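Participant: my questions are about this predicted structure, shown below with the sequence.
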Amino acid sequence: MPQLDKVSYFSQFFWLCFFYLGFYLTLVKFFLPKMSRILKLRQKKAQGSQQLQDLPYSEESQNLQQNSQNTFLQGVQQSREALQGSFQATLDWFGQATKATNTTQLQSVNQAYLTKMTRSQTSLFQLVQNLQILLPPTAHQACGFQSSKGQKKHHFFAAKLLHTLFLLQPQRKAGKKPAKK
């Protein structure tokens with residue numbers, strides 16, 4: 001192998017050292033002083049700008065942040081108020097529209113419902129009476145019917161209760177208060 005030849009080894013080592021030393025001396029003599037001056041200058045500028053930034057700009061940046069936060073909070077508050085106003089207006093309109101519809105268009109439906117319920121109430125009482133007639137007296141107590149003494153009283157209170165319930169149901173839907181007797 002020619003690179004390990006003893007005769008050529010010394011000349012290769014000499015030229016290697018010569019070029020590396022030449023390159024090293026050139027860097028140390030010319031380039032490194034320039035680079036160190038540039039780095040020191042940058043460091044001084046950075047320290048000076050940091051000191052300047054700490055003094056007047058910190059107050060200005062704090063004022064700017066405070067103003068931006070206040071503006072953001074005002075915007076959020078105005079949006080919330082606008083949405084609440086919109087929802088309230090929608091609810092008011094819906095309530096008025098529902099009331100108008102109940103009073104104009106659904107009045108006849110409510111009246112028909114009331115008449116049908118009163119008819120079904122009377123037919124329900126007739127059904128109960130017919131059931132009592134058809135069943136033997138021994139089955140009356142098992143079915144929950146009263147004896148003949150309490151039958152009139154029970155019939156009276158049941159009629160009042162059913163009548164009140166049937167009259168109150170449509171009036172609640174229409175938004176009216178029940179009439180007192």
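Facilitator: That came in fine, so what should we check first?
Participant: tell me the mean pLDDT over the helix ranked longest in the chain?
Facilitator: In the chain, taking DSSP state H as the definition, the longest helix is helix 58-104. Helix 58-104 shows a mean pLDDT of 89.
Participant: list the helices and strands that helix packs on?
Facilitator: helix 148-174 (3 or more Cβ pairs under 8 Å, 6 or more residues apart in numbering; DSSP states H and E). All C-beta atoms are positioned from the backbone trio N, CA, C, and that covers glycine.
Participant: could you chop this structure up by domain?
Facilitator: Split into domains by automatic domain parsing, the chain comes to 1-105, 107-181.
Participant: lowest average confidence across those domains, which one?
Facilitator: Ranked on mean pLDDT, the bottom entry among the domains of the chain is domain 107-181, at a mean of 65.
Participant: neighbours of Asn110, just the number please.
Facilitator: For Asn110, the count of nearby residues is 17 (other Cβ atoms under 10 Å).
Participant: what about Leu25, how many residues nearby?
Facilitator: Leu25 has 10 neighbours, counted by other Cβ under 10 Å.
Participant: quick one, what contacts it?
Facilitator: Contacts for Leu25 (Cβ atoms under 8 Å, 6 or more residues apart in numbering) come out as none.
Participant: and it, how far from Phe19?
Facilitator: Separation of Leu25 from Phe19 (Cβ to Cβ, to the nearest Å): 11 Å.
Participant: again with Asn110
Facilitator: Look at Asn110 and Phe19: by Cβ to Cβ, they are 110 Å apart.
Participant: and if you look at Phe156?
Facilitator: Applying Cβ to Cβ to Phe156 and Phe19 gives a distance of 127 Å.
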